[in-house]
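Enquirer: how does the following fold in three dimensions:
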Amino acid sequence: MNAPPAVLHTPGFAHYNAAWSPFHPSRIALASSANYGLVGNGRLHIAASNMGPGGPAAVAVEKFYETQDGLFDVAWSEIHENQLVSASGDGSIKLWDVMLNDRPIRAWHEHTREVFSVDWSNLKKDQFISCSWDGMVKLWSPEHPRSLATLQAHHACVYQALFSPHQPDVLATCSTDGTIRLFDLRAPAFAPTSNSFTAPLSSPSLTVPASGTEILSIDWNKYRPFTLASAGIDKIVRVWDCRMVKLGVVPGGAESGGAVGGVCESQLMGHEYAVRKVQWSPHRPDMLASASYDMTCRIWSTNPPAGRPHLVRIHDGHTEFVVGCAWSLYEEGVLASCSWDSNLHVFRV
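Expert: Residues are numbered from 1 along each chain as shown. Sure, this is the predicted structure:
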């Protein structure tokens, strides 16, 4: 029997995503919004999970920060143990230090619509990226007052942008246009210039036509370069090998140019509604988790033993949309799921 999860309840604030600290094994950050993120303020929660012999025993808020608009994502700094960056519905990005109270230590506002995702590079540890519903991806350094570069990644909402964990200058994006795109910042077109933040660039190295509907989430496999998982409106989690390419243009997206490719290795089906988040385990190359509007968080194996199903477990303890999930970086098999029911669950798979 599965042990019950440790639960953190934050009344009045629906959770959008969670992130474990790369420095402190028990510390979790939560991006949250009042009124389900539709209108009103946001809150950044800093929580700690206590591990018992059978798994997480308790989780509690250490401190929180109020924001004027809802928060959709959060990412910890890879270079400073007490700092993290948040993505806001008003188009702003804020850098926080958990040793300080009340206010962010830096703020940027270049996006013209909601910032939906932020990701800190674990290879170039002084850089992070953001993506927005304005179609842009921006490259940042905490020490610079403006973005280092701007990519016109899609001509539609960009839901997620992630650095490759294997190559420091490669990143992937997903969008409402149903494609995954890979960009290489070493290409001459992306050489940073003094006015790059006002001159968006667009030159994907590879475009993967991954779905006929919106793709809401992607993630790089931590052990297999150029292997990504994707998920979205069509309820299917797919695994892609992006080494297979051919020259051409994407149907309906001729402006993107570049190469087209990607081979779908597997399709994981079972969710009843759209899948909002997918994330590979940092400890196993064949295990990933997904969070869905069907109010479940599911754990899958892409290489199950003979005769076993791909679906390993269904966590159905939430009572609203589950929109975020995050594997612990230190405790193998420990997963956090967060939901619009204002609850964070931490449990061992």
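Enquirer: give me the low-pLDDT residue ranges for the stretch 151-300 of the chain?
Expert: The model of the stretch 151-300 of the chain has pLDDT under 70 over residues 188-200, 245-257.
Enquirer: again, 80 this time
Expert: 187-203, 244-258 (pLDDT under 80).
Enquirer: how about the strands in it?
Expert: 158-163, 170-175, 179-184, 206-209, 215-220, 227-232, 237-247, 259-268, 275-280, 287-292, 297-301 (DSSP state E, counting those that start in this stretch).
Enquirer: redo the ones you listed as TSV? Include mean neighbour count and distance to residue 27.
Expert: Just so you know, the C-beta spots here come from the backbone N, C-alpha and C atoms, and that holds for glycine as well. Below are the strands of the stretch 151-300 of the chain laid out as TSV (neighbours: other CB atoms under 10 Å; distance: least, CB to CB, whole Å):
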stretch	mean neighbour count	distance to residue 27
strand 158-163	25	21
strand 170-175	26	26
strand 179-184	24	31
strand 206-209	24	34
strand 215-220	25	21
strand 227-232	25	25
strand 237-247	17	28
strand 259-268	16	30
strand 275-280	25	18
strand 287-292	26	19
strand 297-301	23	20
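Enquirer: which parts of stretch 44-58 are buried?
Expert: Using 16 or more other CB atoms under 10 Å as the test for burial, stretch 44-58 gives 44, 45, 46, 47, 48, 49, 51, 55, 56.
Enquirer: mean confidence score for it?
Expert: Averaging pLDDT along stretch 44-58 gives 84.
Enquirer: may I have it as CSV, with CA atoms only?
Expert: This file holds the C-alpha atoms of stretch 44-58, laid out as CSV (Å, rounded to 0.1, in the frame of the first residue of the first chain):
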residue,chain,number,x,y,z
LEU,A,44,5.8,32.8,-3.7
HIS,A,45,5.9,30.1,-0.9
ILE,A,46,9.2,28.7,0.4
ALA,A,47,8.5,25.4,2.1
ALA,A,48,10.5,22.6,3.7
SER,A,49,9.7,18.9,3.6
ASN,A,50,10.8,16.7,6.5
MET,A,51,11.8,13.2,5.5
GLY,A,52,10.9,10.2,7.6
PRO,A,53,12.0,6.6,7.3
GLY,A,54,9.0,5.8,5.1
GLY,A,55,9.1,8.9,3.0
PRO,A,56,8.0,12.5,3.5
ALA,A,57,6.7,13.0,7.0
ALA,A,58,5.6,16.7,6.9
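Enquirer: right, and residue 327 touches residue 282 too?
Expert: Yes: counting by CB atoms under 8 Å, residue 282 is a contact partner of residue 327 at 5.5 Å.
Enquirer: between the two, which one's more packed in?
Expert: residue 327 (23 against 16; other CB atoms under 10 Å).
Enquirer: list phi and psi for that one.
Expert: phi -80, psi 140 (degrees, to the nearest 10).
Enquirer: residue 182 contacts residue 204, correct?
Expert: Yes: using CB under 8 Å, residue 182 is in contact with residue 204, at 6.2 Å.
Enquirer: mind listing what's buried in stretch 313-320?
Expert: Those would be 313, 315, 317, 318, for stretch 313-320 by 16+ other CB under 10 Å.
Enquirer: quick check: mean pLDDT of it?
Expert: pLDDT averaged over stretch 313-320 gives 97.
Enquirer: for it, which outside residues touch it?
Expert: The contact list for stretch 313-320 (CB atoms under 8 Å, 6 or more residues apart in numbering) reads 2, 4-5, 7, 14, 295-299, 335, 337, 339-341, 343, 345, 347, 349.
Enquirer: now swap in stretch 108-115 and tell me
Expert: 72-73, 87-94, 130-134, 136, 138, 140, 145-147, 150, 157, 197.
Enquirer: try it again at 7 Å.
Expert: 72, 87-89, 91-93, 130, 132-134, 136, 138, 140, 147, 197 (CB atoms under 7 Å, 6 or more residues apart in numbering).
Enquirer: dump the residue contacts of residue 20.
Expert: Going by CB under 7 Å, 6+ apart, residue 20 touches 28, 326, 328, 329.
Enquirer: number of residues surrounding the last one?
Expert: Burial of residue 329 is recorded as 17 neighbouring residues (other CB under 10 Å).
Enquirer: do the third one as well
Expert: Burial measure for residue 328: 23 neighbouring residues, criterion other CB under 10 Å.
Enquirer: test of understanding: give the bridge partners of the nearest residue to it once chain neighbours are set aside.
Expert: The shortest distance from residue 328 to any non-neighbouring residue, by CB to CB, 6 or more residues apart in numbering, is to residue 334 (3.9 Å). Assessed by DSSP bridges, residue 334 has beta-bridge partners residue 348.
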